[in-house]
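Undergrad: what's the 3D shape of this:
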Amino acid sequence: MKFHSGLITYIFLALILINPAYSDVKKGKELSASCAACHGDDGISLNPVWPKLAGQNPKYLASQLHEFKKGPNGNRNNAVMYGIAVNLSDQDIEDLSEYYSSLKSTVGLTKDEYLELGRNIYRGGNMEIKMQACISCHGPNGQGNYAAAIPMLSGQHSQYTYQQLKNFQTSMRSNDYNKMMRNIVHRMTDEEMKAVASYIEGLY
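TA: Just a heads-up that it's a prediction; the model follows:
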């Protein structure tokens, strides 16, 4: 079977446009040795204040590492993560992100006391205060949106999710595109944030 050279060129260019960066998962695994103390050998952190990374959207992971790398000049300043990210090259970030994305994610449990409120907020928002539902960006099962680099939420530690919502609310974290998260959470109560965080932990 013969292929026209023009067709081969077209296929090659299309593949580049779909995946412009070639990542090395094996190299990413090697680099993850310095991350395991907090995020676990398999990307599942034991301490609920640190995020699970296994199965996460690689585009989202890469964007966060680039933000951490900016340190005090960025919009997600974290001294610990800055100390790690500042030493990573762009290729290192791609490799790490793809490695963690390749790992199997896990799902926790939603507390009974938060199930109804958390589900209502995630799926319907709060129309009284014109708060958008989480499902509109993060999807019905919390898988996020790959193309838009919107993170997977499914199974994430509720303590970590709650803290990030608080960080957005106080603008301690401000790397959300067009203030999307800050506009959503700025009028949420602590109880609402805890409820939706707990619902997300058991979402799959």
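Undergrad: middle-most residue in this protein, spatially?
TA: Pro151 (3.4 Å; Cα atoms, centre = their mean).
Undergrad: give me the number of residues near the nearest residue to it once chain neighbours are set aside?
TA: Of all residues not flanking Pro151 in the chain, Tyr60 sits nearest, at 4.3 Å (Cβ to Cβ, 6 or more residues apart in numbering). From N, CA and C alone the C-beta is placed, and that goes for glycine too. Neighbourhood size, Tyr60 [other Cβ atoms under 10 Å]: 19.
Undergrad: For Tyr60, which residues are in contact?
TA: Gly144, Ala149, Ile150, Pro151, Met152 (Cβ atoms under 8 Å, 6 or more residues apart in numbering).
Undergrad: Also His157?
TA: Counting by Cβ under 8 Å, 6+ apart, His157 touches Ser45, Pro48, Val49, Trp50, Pro51, Lys52, Gly108, Glu201.
Undergrad: Just the element for Met181, please.
TA: Using DSSP states H and E, Met181 falls within helix 180-185.
Undergrad: other SSEs contacting that helix?
TA: helix 158-169 (3 or more Cβ pairs under 8 Å, 6 or more residues apart in numbering; DSSP states H and E).
Undergrad: would you put the C-alpha positions of the helix it packs on in CSV?
TA: Below are the C-alpha coordinates for helix 158-169, written out as CSV (Å, rounded to 0.1, in the frame of the first residue of the first chain):
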residue,chain,number,x,y,z
SER,A,158,-12.7,17.4,50.9
GLN,A,159,-10.3,19.2,53.2
TYR,A,160,-8.1,20.2,50.3
THR,A,161,-11.0,21.2,48.2
TYR,A,162,-12.5,23.3,51.0
GLN,A,163,-9.2,25.1,51.5
GLN,A,164,-8.9,25.9,47.8
LEU,A,165,-12.4,27.4,47.8
LYS,A,166,-11.4,29.5,50.8
ASN,A,167,-8.3,30.6,49.0
PHE,A,168,-10.3,31.7,46.0
GLN,A,169,-12.8,33.5,48.3
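Undergrad: Now that helix: buried residues?
TA: For helix 158-169, burial by neighbour count (16 or more other Cβ atoms under 10 Å) applies to Ser158, Gln159, Tyr160, Thr161, Tyr162, Gln163, Gln164, Leu165, Lys166, Asn167, Phe168, Gln169.
Undergrad: excluding its backbone neighbours, what's nearest Ala62?
TA: Ser97 is the one closest to Ala62 (Cβ to Cβ, 6+ apart), at 4.3 Å.
Undergrad: Which residue ranges make up the domains of the chain?
TA: As assigned by automatic domain parsing, the chain contains the domains 23-101, 112-201.
Undergrad: for this structure, what spans make up the helices?
TA: With helices called from DSSP state H, the chain shows them at 5-18, 25-31, 36-39, 58-69, 79-85, 90-101, 112-124, 135-138, 158-169, 180-185, 190-201.
Undergrad: Dump those into CSV; add mean pLDDT as well.
TA: Formatted as CSV, these follow (pLDDT from 0 to 100):
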stretch, mean pLDDT
helix 5-18, 48
helix 25-31, 98
helix 36-39, 98
helix 58-69, 98
helix 79-85, 97
helix 90-101, 98
helix 112-124, 98
helix 135-138, 98
helix 158-169, 98
helix 180-185, 97
helix 190-201, 98
